[in-house]
Structures are given as structure tokens and as C-alpha cells.
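> sequence unknown, structure follows:
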């Protein structure tokens with residue numbers, strides 16, 4: 001049991017240090033936005049014809065949660081609604097100039113994070129990396145099940 005407790009502590013420490021490192025090394029412009037809002041902006045910037053359904057599918061969230069989030073992003077002036085001439089009923093989203101700035105900052109942040117941490121991860125043999133990856137996938141699946149139970 002001791003090893004399991006140590007593993008849980010190390011996972012918590014990893015998350016805390018990742019968060020601290022992000023705060024120390026990154027631009028402050030994304031600080032006022034939560035993880036989900038930032039990733040919603042990211043998907044709106046990347047998806048073709050992003051609507052509530054497509055964003056919800058990509059983010060693994062409910063359409064209701066995405067509707068609430070897009071209302072907040074609309075109010076903050078980060079996204080805007082639009083419809084197609086061929087279908088006035090379906091509502092899509094696109095980034096405003098302010099939203100594009102956040103999208104680009106998030107992309108830069110992600111690339112810096114990936115480059116920095118890949119240098120460390122590349123020290124490990126593929127077999128060890130595969131075992132850790134399997135563990136993390138299973139743990140993420142377990143956490144997702146817990147989220148579903150509580151939702």
C-alpha cells in the first residue's frame with residue numbers, strides 16, 4: 001500500500017509543479033481563463049464550422065456545458081456567432097481578434113511545453129514510456145468514470 005500512496009503523492013506533486021512552472025514561464029494573458037475556456041477557444045480556432053455539438057464532442061463535455069461556456073466567451077468578446085446562408089438555423093462560432101490572440105498564445109504555450117518536456121521524456125526507453133502511458137490512460141479512464149458518476 002505504501003507504493004500506492006507514494007504514487008498518488010507523486011502525481012499530485014507533478015500537477016502542482018506543472019502549474020507552477022506554467023505560471024513562472026508563460027504569458028499572463030491566459031491566466032484569467034480556465035482550462036476549459038482556453039481549450040474551447042482552441043477548438044473554435046481549429047475546427048471547421050465549430051458549433052456546440054462539435055465542440056462538446058471534441059472536449060468530451062455536454063452540449064449544455066459548452067452552451068454555458070460559449071455564452072461566457074461571447075460576453076467577454078472572445079468569440080462571435082454566425083450562420084451560413086444555406087442554413088440560418090445552425091449557429092457556429094468564430095474567434096474575434098481578442099480570441100485569436102488567446103488562441104495563438106495558447107498554441108505557443110503548448111509548443112513550448114511540449115518541447116521542454118519531450119527533452120525529459122526522451123531519456124526513457126520506448127518500453128518504459130509505453131508502460132507509463134498505459135497506466136495514465138487507464139487512470140484517466142477511471143477519473144472519467146468518476147466524473148460521469150458525479151455528473
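Sure, I can see it. Here the structure is a predicted model, which is why all the values come from computation and not from measurement.
> sec struct for residue 93, please.
The local conformation at residue 93, judged by DSSP: H, G, I helix; E, B strand; the rest coil, is strand.
> List the residues that contact it.
Contacts of residue 93 were listed using Cβ atoms under 8 Å, 6 or more residues apart in numbering, and they are 44, 50-51, 55, 70, 73, 79-82. Any C-beta I mention is one placed from the backbone N, CA and C, and that applies to glycine too.
> Then residue 149?
Residue 149 makes contact with no residue under the criterion Cβ under 8 Å, 6+ apart.
> Quick check, pLDDT for it.
For residue 149, the pLDDT comes out at 89.
> Please tell me which one of the contacts of residue 93 counts the most neighbours.
residue 79 (25 neighbours; other Cβ atoms under 10 Å).
> what's near enough to touch that one?
Contact analysis of residue 79 by Cβ under 8 Å, 6+ apart lists 41, 44, 70, 73, 93-96, 99.
> at 10 Å instead, please
Residue 79 makes contact with 40-41, 44-45, 50, 69-73, 92-96, 98-99, according to Cβ atoms under 10 Å, 6 or more residues apart in numbering.
> Residue 129 now?
Residue 129 neighbours (Cβ under 10 Å, 6+ apart): 121-123.
> With secondary structure, distance to residue 32 and pLDDT as added columns, please give those in TSV.
Shown next, in TSV, are the contacts of residue 129 (DSSP: H, G, I helix; E, B strand; the rest coil; distance: Cβ to Cβ, whole Å; pLDDT from 0 to 100):
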residue	secondary structure	distance to residue 32	pLDDT
121	helix	30	95
122	coil	34	96
123	coil	35	96
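> so how many other residues sit close to residue 43?
Residue 43 has 18 neighbouring residues, counting by other Cβ under 10 Å.
> Next one: it relative to residue 108, how far apart?
Applying Cβ to Cβ, to the nearest Å, the value for residue 43 to residue 108 is 17 Å.
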